[in-house]
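Asks: Take this sequence and fold it.
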Amino acid sequence: MEEYRIPSQDAEAEFVEKHSRFITHIWHTQTEEEALARLKWARETYWDATHNVYAYLLRGNIMRYSDDGEPQGTAGMPVLEVLRREELFEVTCVVTRYFGGTLLGAGDIAGAKRVRLTSLSLTLFMVCVLAVLIYLVRYQVAALYNDDPAVIQMAALLMICEVFYQFPDGVQTNTLCSLRGWNDTRAIFCISFIAYWVVSLPLGWVLCMTDIITPEPLGVLGFWVALFVGLSVAAVLYLLRVHSLEHLSVEAMKKKIGR
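Replies: Sure, this is the predicted structure:
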């Protein structure tokens with residue numbers, strides 16, 4: 001018979017941290033329906049709370065969690081990880097927060113900017129190393145998979161595209177993560193849509209299939225060029241968005257993001 005740990009009884013705890021009030025409830029729930037019923041009760045009871053973060057873990061490895069408006073990955077996932085670490089099953093936990101005016105952890109804009117710039121510097125350093133490495137061994141790598149000189153030449157050409165591709169990709173990944181940390185998902189969606197669906201995909205088709213821009217269709221190379229352009233557009237727009245947010249106060253940032 002399989003053995004596992006469950007809450008011996010329902011429990012409630014409350015504490016205050018930096019003027020924010022936290023109320024935690026833990027229940028023994030055997031089914032997902034029971035877990036969702038407890039979550040509904042918490043949302044209705046604490047309807048005026050800033051957040052109702054939750055996580056539940058049931059038998060059969062059924063699990064769910066939600067940050068409920070907190071920065072992505074900073075609330076629901078840590079709750080779920082605590083339940084996992086304690087090896088609890090058939091458990092639902094809801095943490096209710098009444099915001100007291102001081103952002104915790106993720107609210108340090110100056111610190112977040114320092115971390116972003118540091119990670120961006122490291123990213124660009126690694127990108128430079130990788131770009132040089134790819135450029136130096138492009139023919140050798142291509143020759144590992146094919147011995148046709150024409151194929152090797154084309155593969156080596158595409159790998160040069162990969163060299164340039166690394167730079168905007170590194171920048172856009174870095175700034176994208178910053179926006180995700182601030183839960184600015186609407187800006188991420190809009191920028192991604194513009195960069196890849198409005199710019200990159202149509203441009204790729206034009207370069208690959210037509211001679212409207214180039215003397216002749218570029219074939220597969222056209223899609224790589226279009227991808228580079230799309231990544232560059234995304235990188236620039238993400239940087240502009242991050243730059244505009246980093247110069248705001250916490251409350252002004254929250255209003256601009258729409259939180």
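Asks: Where does pLDDT dip in this protein?
Replies: Low-confidence segments of the chain (pLDDT under 70): 1-2, 71-72, 101-108, 249-251, 253-259.
Asks: What ranges does it have for its helices?
Replies: 32-45, 76-85, 109-136, 138-143, 149-181, 185-192, 201-209, 220-246, 250-257 (DSSP state H).
Asks: So which of these is the most surrounded?
Replies: Of all the helices of the chain, helix 220-246 has the most neighbours on average by mean count of other C-beta atoms under 10 Å, namely a mean of 19. Yep, even glycine has a C-beta here, placed from its N, CA and C like the rest.
Asks: Next, the angle from it to helix 149-181.
Replies: Taking axes from the mean of the first three to the mean of the last three C-alpha atoms, to 10 degrees, helix 220-246 and helix 149-181 form an angle of 20 degrees between their directions.
Asks: can the helices of the chain go into JSON lines with extra columns for distance to His51?
Replies: As requested, these are exported to JSON lines (distance: least, C-beta to C-beta, whole Å):
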{"stretch": "helix 32-45", "distance to His51": "10"}
{"stretch": "helix 76-85", "distance to His51": "10"}
{"stretch": "helix 109-136", "distance to His51": "20"}
{"stretch": "helix 138-143", "distance to His51": "49"}
{"stretch": "helix 149-181", "distance to His51": "16"}
{"stretch": "helix 185-192", "distance to His51": "16"}
{"stretch": "helix 201-209", "distance to His51": "37"}
{"stretch": "helix 220-246", "distance to His51": "21"}
{"stretch": "helix 250-257", "distance to His51": "13"}
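Asks: which one of those helices lies closest to Ser20?
Replies: Closest approach to Ser20 among the helices of the chain (C-beta to C-beta): helix 250-257, 13.5 Å.
Asks: Figure out which of the helices of the chain is closest to Ser8.
Replies: Distance to Ser8, taken as C-beta to C-beta, is lowest for helix 76-85 among the helices of the chain, at 14.8 Å.
Asks: ok, and what's touching the closest one?
Replies: By C-beta atoms under 8 Å, 6 or more residues apart in numbering, the list of residues contacting helix 76-85 from outside reads 53-55, 57, 63, 65-68, 70, 91, 93, 95.
Asks: repeat for stretch 191-204
Replies: Outside stretch 191-204, the residues touching it (C-beta under 8 Å, 6+ apart) are 222-223, 225-227, 229-231, 233-234, 237-238, 241.
Asks: Save the residues you listed as JSON lines, and put in distance to Gln153 too.
Replies: What follows is these, written out as JSON lines (distance: C-beta to C-beta, whole Å):
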{"residue": "Gly222", "distance to Gln153": "17"}
{"residue": "Phe223", "distance to Gln153": "18"}
{"residue": "Val225", "distance to Gln153": "17"}
{"residue": "Ala226", "distance to Gln153": "21"}
{"residue": "Leu227", "distance to Gln153": "21"}
{"residue": "Val229", "distance to Gln153": "24"}
{"residue": "Gly230", "distance to Gln153": "26"}
{"residue": "Leu231", "distance to Gln153": "25"}
{"residue": "Val233", "distance to Gln153": "30"}
{"residue": "Ala234", "distance to Gln153": "30"}
{"residue": "Leu237", "distance to Gln153": "35"}
{"residue": "Tyr238", "distance to Gln153": "35"}
{"residue": "Arg241", "distance to Gln153": "40"}
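Asks: And the helices of the chain: which comes nearest Glu12?
Replies: Nearest to Glu12, of all the helices of the chain, is helix 32-45, at 10.6 Å by C-beta to C-beta.
Asks: Can you say which of the helices of the chain is nearest to Glu17?
Replies: helix 76-85 (14.2 Å).
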